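Trainee: sequence first, then the predicted structure:
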Amino acid sequence: MRLILGSGSPRRRDLLAQIGVVADDIRPPDIDETPLKNELPRPYCARMAREKALAVTADSEDVVLSADTTVALGRRILGKPADAGEAAQFLLAMSGRRHTVITAVAVRRGDRLWERDVVTTVRMKRLSDEELNAYLATGDWQGKAGGYGIQGPAGALIPWIQGSFTAVVGLPLCETAGLLQAAGYPVYQGDA
């Protein structure tokens, strides 16, 4: 049995390493991540994780792990910004407000699929022009849902969360470990 990570995210690899899990192979799927018309953030996120897991080529005994992280401001999905201008728009929209970060995880083994999603409420401080421009200048917003990563420089912009920190980073470890175990993947291997 091999573990295949259906994600190119270095953050997800790092999080898995925290619980001693190292993927045998990394196969980021190429799927269309466009939200459907009127699709709400939580169902969208769950669909993305599921479609990613199903798109990864694997043997029947292999375990495929895929995830998706979506930032939502009300019903609005804030994806990965195309450029610094869009990142600024996202950050200004969240400035001084709460938003939701949803991370959905899908684990597939053969034709069986296990899924979970974790919803975390995050508050961003009211950003001054200086803070916004300094953050944008770091480039840390690139490739991140909502235009920020809580584990980097943007951590200084987030005074409060309610939920799972690791889910906001990109992979809820408690729930992921449970899904891997349900699929028969040995997560906790002691030196018994």
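Mentor: Received the coordinates, thanks.

Trainee: pull the residues that contact the longest helix along the chain.
Mentor: Determined from DSSP state H, the single longest helix within the chain is helix 41-55. Helix 41-55 is touched from outside by 6-7, 29-31, 33, 35-36, 39, 64-70, 72, 75-77, 100, 102-108, 113, 115, 117, 119, with contacts defined as C-beta atoms under 8 Å, 6 or more residues apart in numbering. For glycine as for every other residue, the C-beta is placed from the backbone atoms N, C-alpha and C.

Trainee: just the buried residues out of those residues, in PyMOL syntax.
Mentor: Buried residues among the contacts of helix 41-55 (16 or more other C-beta atoms under 10 Å), as a PyMOL selection:
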select buried, resi 6+7+29+31+35+64+65+66+67+68+69+70+72+77+100+102+103+104+105+106+107+108+113+115+117+119
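
Trainee: so which of the contacts of helix 41-55 belong to strands?
Mentor: 64-70, 72, 76-77, 100, 102-108, 113, 115, 117, 119 (DSSP state E).

Trainee: list the contacts for Gly147?
Mentor: Contacts of Gly147 (C-beta under 8 Å, 6+ apart): 78, 80-81, 86-88, 90-91, 141.

Trainee: how about the residues you listed, which pair is most distant?
Mentor: Lys80 and Ala88 (14.1 Å; C-beta to C-beta).
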